[in-house]
Every structure is written in C-alpha cells, then in structure tokens.
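In: Take this sequence and fold it.
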Amino acid sequence: MNGKPALRYHATDFCISLLWYYGILIGLGIALFALGTYLAAYHGLGEVDVEIAAVSGITMFYLFVAGLNSYKADFFYLLQNGISRRTQFVTLLIVGAVLALLTGVIDLLLDELMLQALRSIGLGVIDMSDFVQPASAFPLLSKYIGVVFLNGSAFFVGLLITTVFYRLNTLGKILLPIGVFGLLVPALSFYDHYTKHLTNASRAIDTFVRSGILSYLLIYAVFLLIVTGLTWLLQRRAQIKSPVS
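Out: Now for the predicted structure:
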C-alpha cells in the first residue's frame, strides 16, 4: 500500500483550505478588535454585554464541511490514478487525525490571543473548550484533548455522511432525511418525553466522559471507531457512479 501520492494530494488540498480559513478568521478578528477599540474609545460600551464565540467553537463547523467535501471528487481522481479504496480510506484517517491535532493547537493559540485582546476592550469570549474538556489536573492538556476530539469528530462525521449519501440512489437520498428528521427524531423525542430513558442515559454518559481524561478518551475512541468503521464498510465497495473523463 503506497499512500504517499494520496497523502500529498490531500495535504496540498487541506493546507490551502486551512490557510484561507484561518486567514479569514484572523482578518475578521483584527477588524472586530479595531471596531471594538473605536467604539470603546469614542462612544463607550457602557452596560452592553457582548460575547464573541472563540475559534475552537467555529473550527468544528469548518472541519465538518471539509469532511462532507473530502470524498466524491477525490475518490474519482485517486481511483483513476491507481490508488485503491483501502489506501484512500487510510490516508483520509491520517489526514483527519493530523487536521484534528493541528487545528487543536492553532485554535487554542488564537483563543488565548482573542481572549486577551477582546477582554482588554470590555468584550467577552465564549470559549467552547471550557465546555468540552474532561476533568483533569492539567487544564491546558484537558482543553487540547477536548478541542482535538471535537474537531476530529466533526471531520469524520462529515466524511461518514457524505459516504452514506454517495452510496444511496436518488430515492434513498430523499427518503433518508425524511425518515431521520420527520420520523425517527420525533419518535425518539416522544419516547423520551414519557420515559426520560434517553435523557438519563445521555447524562450518565456525559458524567462519565467528564470524570477524567481516560474515560474521555475511551468514550470518544469507541465513537470514532464506530464512525470510521461504518465509513469503511460503505467505502470498500463503492463504485464510480458517473463517467469520468
């Protein structure tokens, strides 16, 4: 299995995408800081309570969309160039893991810069890492692990969804969202309204996850194993559905 060409292809694609993403965020952050400084200096913020979402709460959406757009076109291109489905899948796992680890570092650095800059002019920051980190004697490590798994989960869930829709026919692509959001979600909500079984189970899992780093890693490792396992089962026999010139 020679995955170097596929890795180079993905690395180039995602490096360009990341540069654009963080470049836009940094530009918006500078503009926001300049606007806040101007308003504070000339008009005063008074009793206005403004809170801005930190970068770690936004990157997960970017990576989810990246996962949604990381399969079909690449699948066609790499198959044409002799890259097997297994190699494609393994390289996507590597790329997703590297993206999660890298964006975790960048997000925490930008969050700290944003926190110091915006607080200096009276603006608050909602830091998502505070809500996803497990209990630990090492807060920075705990925050990093939380952001890494948040970002990685977003990417791999996006990859699973795009793979599911790729394998479905036109009718299936219409019926699946209707079945999930029109039938399954209301049915589960109705069931939980009377039994509270789902609510109690989610609370128990959340308590266990937040109890420490090891329990956090265990639960998320099982979750990612299920998501990536389902993705591989769908990708291993995926066929090209349209002619590629």
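
In: For the longest helix along the chain, name the packing helices and strands.
Out: Identified as the longest helix of the chain according to DSSP state H is helix 4-42. Contacts defined by 3 or more Cβ pairs under 8 Å, 6 or more residues apart in numbering; DSSP states H and E place helix 4-42 against helix 59-68, helix 72-80, helix 85-119. For every residue, glycine as well, the C-beta is placed using N, CA and C.

In: Mind giving me the packing neighbours of the last one?
Out: Read it as helix 85-119. Using 3+ Cβ pairs under 8 Å, 6+ apart, helix 85-119 sits against helix 4-42, helix 59-68, helix 72-80, strand 124-126, helix 129-132, helix 139-167, helix 213-235.

In: Would you mark the buried spots in it?
Out: Within helix 85-119, the residues that count as buried by 16 or more other Cβ atoms under 10 Å are 85, 87-93, 95-96, 99-100, 103-104, 106-108, 110-111, 114-115, 117-118.

In: Kindly report the same for stretch 191-198.
Out: Of the residues in stretch 191-198, none is buried (16+ other Cβ under 10 Å).

In: distance between that stretch and the chain's centre?
Out: Relative to its chain's centre, stretch 191-198 lies at 28 Å (Cα atoms, centre = their mean, to the nearest Å).

In: hmm, back to that, for the record, mean pLDDT for the longest helix of the chain?
Out: In this model, helix 4-42 carries a mean pLDDT of 81.

In: Stretch 149-167 too?
Out: On average, stretch 149-167 scores 90.

In: Centre of the chain to that stretch, how far?
Out: Relative to the centre of its chain, stretch 149-167 is centred 9 Å away, using Cα atoms, centre = their mean.

In: for stretch 91-110, same thing?
Out: 10 Å.

In: repeat for stretch 108-121
Out: How far stretch 108-121 lies from its chain's middle: 22 Å, per Cα atoms, centre = their mean.

In: Find the centremost residue of the chain, please.
Out: The centre of the chain sits closest to residue 154, judged by Cα atoms, centre = their mean, with a distance of 2.5 Å.

In: Thank you kindly, that will do.
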